[in-house]
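A.B. asks: just a sequence and a predicted model for now, questions to come.
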Amino acid sequence: LHDITEQQKLENMRKEFVANVSHELRTPLTSIKSYAETLLDGALEDRELAGKFLSVINSEADRMTRLVKDLLQLSRLDNNQMKWDMQKISFEDLVRNCVEKVKFESEEKNQTLECFTIGEELEIVADKDRMEQVVLNILTNAIKYTPEGGKITVYIGRMYSEVYVKVVDSGIGIPREDLGRIFERFYRTDKARSREMGGTGLGLAIAKEIVEAHKGSISVASEPGKGTEVTVKLPAACN
Ligand code: ADP
């Protein structure tokens, strides 16, 4: 009986995933199609309007590209087809590099973005590009889900045999009942709003898989209306 329920659960998850993928792909397609039709029906003559419609088509196509890219990566992770390029690197350099990359986005929202390093011996053995992807995802979430003028603080440090990065934001936070689920594929706390932000809802699911492939862990703490704290811990490299 136990096996059947487990199997049933997996089957339900698979069905839900397929339904989600279909929905996520159909939404931008529907909008691309209807704007293209309106253009063909004559809207093309109004240059200003045509420009607006084309830019919607363009960004919806971008969204589909992001989604397909994320899906392909998840599938590679699921099937153990990822080729990991593991190297000993400085976790501090990696994180600070990511912070530099998102600086512009936070400045556009007048947010304070600060980074502190606590302690030393912060080397890890990791696939640099994949680990950057994880840190960038957490940082861009912090920026996305923190209003104008908010504050984002990044701590890099070491605790015993682990190095960590902790990204603390003063943003909208995550409702308690959603906390355990945000690492699930396609899970968004406020679907409409998160979708408007351009996310695929797959970022944290992918991040978790990558971190776990490095024998690390990722966790989240949050208080709605106050902010969110996402922590990644990774085994420190042996010297
Ligand atoms: P998305 O692409 O939608 O951002 P993610 O997988 O990166 O997807 O995140 C899943 C959901 O978790 C988001 O849609 C958002 O609702 C919530 N979330 C993630 N990070 C934060 C944060 N720093 N503050 C508030 N909510 C967050």
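C.D. replies: Arrived safely, thanks for sending.
A.B. asks: what's the neighbour count on the residue of the chain found nearest the ligand?
C.D. replies: When scored by Cβ to the nearest ligand atom, the chain has residue 199 as its residue closest to the ligand, at 2.1 Å. From N, CA and C alone the C-beta is placed, and that goes for glycine too. Residue neighbour count, defined by other Cβ atoms under 10 Å, stands at 21 for residue 199.
A.B. asks: tell me how far it lies from residue 28.
C.D. replies: Separation of residue 199 from residue 28 (Cβ to Cβ, to the nearest Å): 13 Å.
A.B. asks: go on, residue 236?
C.D. replies: Distance, residue 236 to residue 28, using Cβ to Cβ: 42 Å.
A.B. asks: follow-up on the earlier one: pretty sure the residue of the chain closest to the ligand contacts residue 188?
C.D. replies: Yes. Residue 199 is within contact range of residue 188, at 7.1 Å (criterion: Cβ atoms under 8 Å).
A.B. asks: please enumerate the strands of this protein.
C.D. replies: 86-90, 112-118, 123-127, 151-159, 162-169, 217-223, 227-235 (DSSP state E).
A.B. asks: looking at these, which is closest to residue 14?
C.D. replies: Evaluated with Cβ to Cβ, the strands of the chain place strand 217-223 nearest to residue 14, the distance being 23.7 Å.
A.B. asks: what's next to that closest one, contact-wise?
C.D. replies: For strand 217-223, the external contacting residues (Cβ atoms under 8 Å, 6 or more residues apart in numbering) are 134, 173-174, 179, 182-183, 204, 207-208, 211-212, 228-233.
A.B. asks: let me know the angle separating that strand from strand 227-235.
C.D. replies: 160 degrees (axes from the mean of the first three to the mean of the last three Cα atoms, to 10 degrees).
A.B. asks: how about a markdown table for the strands of the chain, with mean pLDDT, mean neighbour count and distance to the ligand added?
C.D. replies: Output for the strands of the chain, formatted as a markdown table (pLDDT from 0 to 100; neighbours: other Cβ atoms under 10 Å; distance: least, Cβ to the nearest ligand atom, whole Å):
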| stretch | mean pLDDT | mean neighbour count | distance to the ligand |
| --- | --- | --- | --- |
| strand 86-90 | 97 | 14 | 24 |
| strand 112-118 | 97 | 15 | 13 |
| strand 123-127 | 98 | 20 | 19 |
| strand 151-159 | 97 | 18 | 9 |
| strand 162-169 | 98 | 22 | 5 |
| strand 217-223 | 97 | 16 | 7 |
| strand 227-235 | 98 | 21 | 4 |
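A.B. asks: need those in a markdown table (columns: distance to residue 3).
C.D. replies: Formatted as a markdown table, the strands of the chain follow (distance: least, Cβ to Cβ, whole Å):
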| stretch | distance to residue 3 |
| --- | --- |
| strand 86-90 | 36 |
| strand 112-118 | 47 |
| strand 123-127 | 36 |
| strand 151-159 | 40 |
| strand 162-169 | 36 |
| strand 217-223 | 29 |
| strand 227-235 | 34 |
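A.B. asks: how many other residues sit next to residue 16?
C.D. replies: Residue 16: 13 neighbours (other Cβ under 10 Å).
A.B. asks: how close does it get to residue 175?
C.D. replies: 21 Å.
A.B. asks: now do residue 13
C.D. replies: For residue 13, the distance to residue 175 - Cβ to Cβ - is 22 Å.
A.B. asks: and stretch 51-71, how far out from the chain middle?
C.D. replies: Relative to its parent chain, stretch 51-71 has a centroid offset of 17 Å by Cα atoms, centre = their mean, to the nearest Å.
A.B. asks: is that stretch in proximity to the ligand?
C.D. replies: No. Using Cβ under 6 Å from any ligand atom, stretch 51-71 never reaches the ligand; the gap is at least 8.5 Å.
A.B. asks: give the buried residues for that stretch.
C.D. replies: Across stretch 51-71, burial judged by 16 or more other Cβ atoms under 10 Å covers 53, 57, 60, 63, 64, 66, 67, 70, 71.
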